[in-house]
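*Asks:* Let me see the structure of the following:
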Amino acid sequence: MQMEIPGRAPLTLEHAVFDLNGTLSLDGGLLPGVRKRAQALSGQLSCLLLTADTFGTGEAVARELGFDFHRVADGAEKVAVVRSLGTQSTVAVGNGQNDAGMLGEAALGIVVLGPEGTAVSALKAAGVVVSDIRVAFDLLLHPTRLVATLRV
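*Replies:* Now for the predicted structure:
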């Protein structure tokens, strides 16, 4: 996925990493509208679910979405995964304090103001703030929306 953004270097995305709890789910269960959008996006980007897996649903959710799954212990591991994928080709989506590092490292960090709240550190690290996870997916599925948001 390539985007030409006026006033910025071109953005070429190959990978998307997502936090689970508070981002894609509430209390371990997927939020409405996530499955359909996630499946559509996984046809365009390599998608990975990164989670500490508080509710133990991560692997099943990743299978349901068609995402790869990686259990992490903390935010440092999330950053390491983003770096291993390539910071310049990865979009990160999250809401928690342990997401702040990956949001800042990724070529594009999207923070979600979800039903479990949003950590201020994640908000400060992100390049884009959205009111809902469905909006985050829709930005990626319709990249001209991102161009309109990020143009200088």
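
*Asks:* What is the lengthiest helix in the chain packed up against?
*Replies:* Longest helix in the chain by number of residues (criterion: DSSP state H): helix 75-85. Other helices and strands packing on helix 75-85, by 3 or more C-beta pairs under 8 Å, 6 or more residues apart in numbering; DSSP states H and E, are strand 15-18, strand 46-51, strand 90-94, helix 100-105. (Each C-beta comes from the backbone N, C-alpha and C, glycine too.)

*Asks:* quick one: the helices in the protein?
*Replies:* Listed in chain order (using DSSP H), the helices of the chain are 34-41, 58-65, 75-85, 100-105, 120-125, 133-141, 144-150.

*Asks:* re the thing from before, quick check: buried residues in the longest helix of the chain?
*Replies:* 75, 77-79, 81-82, 85 (16 or more other C-beta atoms under 10 Å).

*Asks:* and which of the residues you listed is nearest to Met1?
*Replies:* Nearest to Met1 among the buried residues of helix 75-85 is Leu85, at 14.1 Å by C-beta to C-beta.

*Asks:* Excluding chain neighbours, give the residue nearest to the closest one in space.
*Replies:* With C-beta to C-beta, 6 or more residues apart in numbering as the criterion, Leu85 has its nearest non-adjacent residue at 4.5 Å, and that residue is His15.

*Asks:* Looks like the one you found contacts Val91 (just checking).
*Replies:* Yes. Because the distance of 7.3 Å satisfies C-beta atoms under 8 Å, His15 is recorded as touching Val91.
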